[in-house]
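S.K.: the sequence and its predicted three-dimensional model are supplied below.
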Amino acid sequence: MRRVALVVAAAGILVEGLVVASLLFVLGGVVDAYSMSLNGTDPSHAQAAIRVAAVGLGVLLAALAAALLLAAIRRRPARGPAMAGLVAQCVVTTIAGVALGWEVFGGTLLVLGTLLYVLLDERPDRGLRPVNRI
């Protein structure tokens with residue numbers, strides 16, 4: 001069951017990372033196209049900062065998804081920096097789900113549930129056990 005939860009969590013985080021990074025990247029273009037000043041900054045600097053944040057966030061979420069997928073392949077729980085990323089992702093997923101409305105909350109609830117399962121599951125995964133026949 002852990003393997004399925006890890007794969008679902010990795011897929012959810014990867015999709016979330018792609019959506020958030022692409023929206024931020026587009027937002028950076030909007031800021032520059034309309035010469036929007038974010039707290040008095042130059043629009044080109046604001047665009048660059050937003051796009052750097054988009055790429056950085058996308059890369060971090062893709063790395064977390066890759067770590068979860070690697071843990072699923074190895075049939076081991078996620079450890080080390082992946083655990084810190086999972087805790088941070090649980091908080092971000094909860095806030096995003098509540099802030100973006102009920103439609104998004106359903107999807108984020110699925111991702112949050114799998115993330116919590118992955119965080120709290122400490123049992124070793126032994127795979128399928130052979131059936132003893134008499």
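M.R.: Alright, I've got the coordinates.
S.K.: work out for me the element the closest residue to Val104 other than its chain neighbours sits within.
M.R.: Spatial nearest neighbour of Val104, excluding adjacent residues (CB to CB, 6 or more residues apart in numbering): Gly97 at 6.0 Å. In this view, the C-beta of every residue, glycine as well, is placed from N, C-alpha and C. Using DSSP states H and E, Gly97 maps to helix 81-99.
S.K.: what about the residue nearest to Val104, how many residues close to it?
M.R.: Using other CB atoms under 10 Å, Gly97 has 20 neighbouring residues.
S.K.: can I assume it is in contact with Thr108?
M.R.: Yes: counting by CB atoms under 8 Å, Thr108 is a contact partner of Gly97 at 3.3 Å.
S.K.: centre of the chain to stretch 40-57, how far?
M.R.: Offset of stretch 40-57 from its chain centre (CA atoms, centre = their mean, to the nearest Å): 21 Å.
S.K.: what residues does that stretch touch?
M.R.: When contacts are defined by CB atoms under 8 Å, 6 or more residues apart in numbering, stretch 40-57 is touched by residues 17, 20-25, 27-29, 31-32, 35-38.
S.K.: generate a ChimeraX selection restricted to the buried subset of the residues you listed.
M.R.: The command below creates a ChimeraX selection of those among these that count as buried (16 or more other CB atoms under 10 Å):
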select :17,20,21,24,25,27,28,31,32
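S.K.: looking at the contacts of stretch 40-57, which are in helices?
M.R.: Using DSSP state H, the subset of those located in helices is Gly17, Val20, Ala21, Ser22, Leu23, Leu24, Phe25, Leu27, Gly28, Gly29, Val31, Asp32.
S.K.: contacts only, for the fifth one.
M.R.: Same thing as Leu23. Taking CB under 8 Å, 6+ apart, we find Leu23 in contact with Ala54.
S.K.: low-confidence ranges in the protein?
M.R.: Along the chain, segments meeting pLDDT under 70 span 122-134.
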